[in-house]
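# following is a predicted model, sequence given first.
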Amino acid sequence: MPEIKNLMDKLVSLCKRRGFIFQSSEVYGGLNSCYDYGPLGVELKRNLKDFWWKAMVQTRDDIEGLDASILMHPRVWEASGHVANFTDPMVDCTVCKKRFRADALNPDKPKQCPHCGSKDALTEARNFNLMFKTFMGPVEEAANVVYMRPETAQGIYVNVYNVMQAARQKIPFGIAQIGKAFRNEITPGNFTFRTREFEQMEMQFFVKPGTDMQWFEYWKEQRIQWYDELGIRKSKLHFHEHTPEERAFYAAAAFDIEYEFPFGWKELEGIHNRTNYDLSKHQEFSGKDLSYFDDQTREKFIPYIVETSAGCDRTLLTTLVDAYDEDVVEGEARTVLHLSPRIAPIKAGIFPLVKKGGMPEAAEKIYHELKKHFHVFYDDGGAIGRRYRRMDEAGTPFGITIDGQTIEDQTVTVRDRDTLAQERVASDKLAAYMEEKMTAYARKE
Ligand code: GAP
């Protein structure tokens with residue numbers, strides 16, 4: 001696929017036009033870095049989360065699901081280190097009053113304001129905590145401060161023995177969770193890539209010390225394969241190993257899966273060997289024994305954790321960036337999203353060729369039948385080519401046309417969004433046909 005010029009601008013515009021993603025509170029001028037998912041976006045997001053859940057929970061015997069609350073006991077964030085260390089160094093401009101991350105300043109002009117250009121106008125760096133605070137109960141005082149969770153992981157750590165006992169699991173086993181997280185990012189941007197409110201898809205795998213690196217390698221492979229199955233081009237993905245400076249002091253190993261966005265290689269997911277740091281800290285701060293007793297070997301230990309931590313919104317953005325393409329079909333320019341059919345918001349467009357000859361009635365019958373299985377869309381407006389193109393732009397993999405022959409032999413044509421090939425299929429076999437094609441789908445480079 002050739003590189004597309006101004007891809008991000010085109011994508012943002014398509015997202016709004018077609019109802020994937022809107023700016024939050026747009027009628028009030030928008031709220032910086034907050035976004036709303038429209039009708040197509042919400043379908044895509046649900047499909048993406050289901051795809052992750054299926055791989056990480058439904059098809060596995062050794063992972064359980066969880067949905068922990070966003071507000072947690074404030075001691076959780078002291079134990080995790082977020083209160084003391086989840087900070088960015090910030091400087092303020094004494095002239096224009098804007099605030100900047102100290103590590104993002106021009107190293108050749110470290111005292112010059114990047115906004116107004118004033119020289120020697122920047123204050124010394126001060127640490128700024130990225131957690132959003134709020135108050136629990138009616139009195140706004142320090143004793144009532146609670147935090148909006150900046151990651152979903154801690155809800156998993158503090159529930160490990162609840163889940164283990166309830167689900168009768170033994171180590172090695174994992175807990176998976178999808179949920180909102182909040183960070184008061186200083187430099188949000190690149191559309192939904194970095195926002196202040198976002199969803200994470202995290203899995204924490206609890207293992208015996210000594211087996212942790214084996215599991216770490218296992219999860220690295222599982223996770224990169226997942227992006228391949230999601231339909232992201234392999235050539236656009238790689239691992240980035242954390243340098244000693246990047247790696248958290250307690251982590252024994254840390255790799256990111258990165259994607260090549262138009263704005264550079266960026267992290268999609270972190271895979272970390274977090275050792276026994278998290279449970280040791282919660283043991284220390286809660287005063288509860290969080291060690292595990294292995295009744296086969298009679299050993300007692302604090303489990304090590306291998307974490308896979310992905311961003312849901314960021315992955316969704318990746319699927320759109322990776323899918324966006326422009327080509328020419330029958331002499332006409334088209335925009336097409338090569339989304340994997342597994343996550344495409346609409347699976348098929350249903351088109352009566354003309355509004356007569358029994359075609360609309362036959363098409364409606366097929367529409368109502370397919371609706372029981374998939375999200376499908378009925379469209380009888382305008383020339384067939386335009387109807388195809390509207391669906392191409394929404395990433396719909398199949399275009400089903402009901403024509404004169406349908407009335408005679410109950411077959412329809414199915415057009416493939418990517419190859420444009422058309423096949424004649426019996427209308428009562430459509431659901432099975434689509435299911436088979438979706439299962440066999442593999443992304444082309
Ligand atoms: N529990 C580990 C953890 O939270 P992280 O690297 O800070 O690790 C994991 O975050 C993933 O969450 C990232 O790889 C990214 O996909 C997503 N993420 C983090 N901050 C984000 C933000 N401000 N906006 C959107 N996604 C974000």
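Ah, there it is.

# hmm, Arg196 is touching Cys34, no?
Yes: applying Cβ atoms under 8 Å, one finds Arg196 in contact with Cys34, separated by 6.6 Å. All C-beta atoms are positioned from the backbone trio N, CA, C, and that covers glycine.

# mind pulling up the pLDDT for Glu197?
With respect to pLDDT, Glu197 has a value of 97.

# measure Phe261 to Ala426 for me?
Noted for Phe261: a distance of 43 Å to Ala426, by Cβ to Cβ, to the nearest Å.

# of the two, who's got more company?
More crowded of Phe261 and Ala426, by other Cβ atoms under 10 Å: Phe261, with 20 against 12.

# residues touching the more buried one, list them.
By Cβ atoms under 8 Å, 6 or more residues apart in numbering, the residues touching Phe261 are 190, 193, 318, 321.

# gap between the second one and the ligand?
By that I understand Phe193. Distance of Phe193 to the ligand, given as Cβ to the nearest ligand atom, to the nearest Å: 7 Å.

# I'd assumed Glu267 was in contact with that residue.
No: with contact defined as Cβ under 8 Å, Phe193 does not reach Glu267; the gap is 9.7 Å.

# so for the two, which sits in the more crowded spot?
Taking other Cβ under 10 Å, Phe193 and Glu267 do not tie; Phe193 has more neighbours (22 against 15).

# confidence score at that one?
Here the pLDDT value assigned to Phe193 is 98.

# tell me who's in contact with the closest residue to the ligand within the stretch 1-150 of the chain.
Closest to the ligand within the stretch 1-150 of the chain is Pro150: 7.2 Å, counting by Cβ to the nearest ligand atom. Neighbouring residues of Pro150 by Cβ under 8 Å, 6+ apart: 82, 86, 130-131, 181-183.

# quick one: it is in a helix?
No: under DSSP: H, G, I helix; E, B strand; the rest coil, Pro150 sits outside any helix and is assigned coil.

# which helices and strands sit right next to the helix or strand containing Gly349?
Per DSSP states H and E: Gly349 is located in strand 348-352. Strand 348-352 makes packing contacts with helix 359-371, strand 376-378, helix 384-393, strand 398-402 when contacts are defined by 3 or more Cβ pairs under 8 Å, 6 or more residues apart in numbering; DSSP states H and E.

# which residues in the stretch 201-350 of the chain form strands?
Ranges of strands in the stretch 201-350 of the chain, per DSSP state E, counting those that start in this stretch, are 237-241, 253-261, 264-273, 292-294, 299-301, 304-311, 324-329, 332-337, 348-352.

# using CSV, write down the CA coordinates of the second one.
Listed next in CSV are the C-alpha coordinates belonging to strand 253-261 (Å, rounded to 0.1, in the frame of the first residue of the first chain):
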residue,chain,number,x,y,z
ALA,A,253,12.3,-7.1,31.5
ALA,A,254,10.2,-4.7,29.5
PHE,A,255,9.3,-4.6,25.8
ASP,A,256,6.8,-2.4,23.9
ILE,A,257,5.0,-3.4,20.8
GLU,A,258,5.2,-0.4,18.6
TYR,A,259,3.4,0.7,15.4
GLU,A,260,4.7,3.0,12.7
PHE,A,261,2.3,5.9,12.7
